[in-house]
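Peer 1: what would the 3D arrangement of this be:
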Amino acid sequence: MTTFQEVQRAVQTLYRSAPELEWQRMERHCTEFAVTLRALGEHLPPAPARVLDCGGGPGWYAIALAQRGYAVTLFDLSPELLMLAREKAAEAAVTLSGFEQGTATDLARFTDNSFDAVLLMGPLYHLLDEAERKQALAEAYRVVKPGGPVFVAFISRYAAHRDAAAHYPEEAFKEAQNYHTIAQTGLLPPRADGTVAFTAYFAHPAEVAPLCRSAGFDVETVLGVEGVVSGHETLINALEGAAWEFWVEVNYQIAHDPVIYGGVEHLLAVCRKPRWRTVLRRIATALDDAGIAYRVVGGTSLALRGLPVPVNDIDLEMAVADAYRCQEIFAAHCVDPVTLRESDLARSHIGRFAFDDVRVEIMAGLHWHKGDRWVPSFLSTCATVNLDGVSVSVLELEEEALAYLRRGRLERLALCLPHCNPERFNALLQNAITAGMF
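Peer 2: Coordinates of the predicted model:
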């Protein structure tokens, strides 16, 4: 089994052998560069925001962003690529905030929340183990500020096959086992004989967004950055002016279409460190310190489990007395004081709060109106999830699924059920039926 250190040495050897080729690669693949720049321009905060270009190699994006007024720190595994980046930055007459050498799995030299945005467009190409890819994502998550974007690039699973088909089909035939391994596992490890060669992980499109969500990110979009010109861009690259801009726009729009993901060389996940996670971590810590039992419910509970649910606000369920204690603890954030509210469908003690533009709703004593009586909600179970080192209490997923069934939210029910314990869900359902909840 290839070790992390062996892969790192192989990657360093590769880029040491011909650093100029990495600069020339982007000159050959103008659409990749232009579409990625469009994504950066759309999702980055305004200059002069602080940007970490982690794995930025010879500095194509770092230099382009510095020209736009951003304060960019370039970080890369290869000393040779960093040296070339210094030369290219000098030629472009721009100043970068720093040139740092190291591995994307260890950004300890940078403090938490120290960058407004992070580019992780290269390191995941060469991290063969999923745990290493997750560690690189975790480090990017740690150093970016809440609300900040992180751009994560992947080599697509069939990029090697597409490149071979276009340029050297005989080589793929001669090395059929390597190409079979890539198709099955995504892995192209270092050569056993030490020959200088590309070492990479080719990601399947279906794993990109879930991997990023598992690190705590919201995934705003995934782009197939080469669009429709993947593998045949020579004539497009020769265009100039309005004709070139036309094709950049065409490919940028098509890059958002999932249909294209399997037929491009590179995928770019545009992610964001959600503010709600930082807010919930802060609230959970305060509630634990106060000895208040609570449960996160609703969409936030699902998102904490890595399910693709947008979080519009944070819903907390707790005992009635604790809801009023929360109002005292978070008085500075109170928008609507806790009070008993009633509708035709439900009644509960509800209070609304705002933390850094994140809405929080506290509910207690929830009852549902059934016929001529009020039936108490059966939000009684509890589980825990890890939120950036803090244990957060959530409703059991089976009871979340039951709540969605009761409210007719069948799309959410369908999202939950594959992850539920069937026996547990059925038991809760039977108890709810017996109690007259259905």
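Peer 1: low-confidence ranges, the stretch 251-400 of the chain, go.
Peer 2: Counting by pLDDT under 70, the ranges of the stretch 251-400 of the chain that qualify are 378-379.
Peer 1: any idea where the strands of it begin and end?
Peer 2: 266-272, 294-297, 313-318, 334-342, 346-355, 358-370, 373-376, 383-387, 390-394 (DSSP state E, counting those that start in this stretch).
Peer 1: kindly reformat the ones you listed as CSV containing distance to Met83.
Peer 2: Using the backbone N, CA and C atoms, a C-beta is placed for each residue, glycine as well. Output for these, formatted as CSV (distance: least, CB to CB, whole Å):
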stretch, distance to Met83
strand 266-272, 25
strand 294-297, 49
strand 313-318, 47
strand 334-342, 54
strand 346-355, 45
strand 358-370, 44
strand 373-376, 68
strand 383-387, 40
strand 390-394, 42
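Peer 1: and of those strands, who's closest to Gly241?
Peer 2: strand 266-272 (25.6 Å; CB to CB).
Peer 1: hmm, who's touching the closest one?
Peer 2: 32, 36, 39, 43, 121, 147-156, 159, 203, 205, 208-209, 212, 217-226, 255, 261 (CB atoms under 8 Å, 6 or more residues apart in numbering).
Peer 1: apply 6 Å and report the result again.
Peer 2: By CB atoms under 6 Å, 6 or more residues apart in numbering, the residues outside strand 266-272 that reach it are 39, 43, 149-154, 156, 208, 212, 217-223, 225.
Peer 1: buried residues, it. List them.
Peer 2: Residues His266, Leu267, Leu268, Ala269, Val270, Cys271, Arg272 are the ones in strand 266-272 that count as buried (16 or more other CB atoms under 10 Å).
Peer 1: stretch 277-293 too?
Peer 2: Arg277, Thr278, Val279, Leu280, Arg281, Ile283, Ala284, Leu287, Ile292.
Peer 1: likewise for stretch 144-164?
Peer 2: 144-162, 164.
Peer 1: reformat the buried residues of stretch 277-293 as TSV; add distance to Ala346.
Peer 2: Converted to TSV, the buried residues of stretch 277-293 look like this (distance: CB to CB, whole Å):
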residue	distance to Ala346
Arg277	28
Thr278	30
Val279	25
Leu280	24
Arg281	29
Ile283	23
Ala284	25
Leu287	23
Ile292	22
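Peer 1: just the pLDDT for His204.
Peer 2: Per-residue confidence (pLDDT) for His204: 98.
Peer 1: correct me if wrong: it contacts Ile155.
Peer 2: No: counting by CB atoms under 6 Å, His204 stays clear of Ile155, with 10.8 Å between them.
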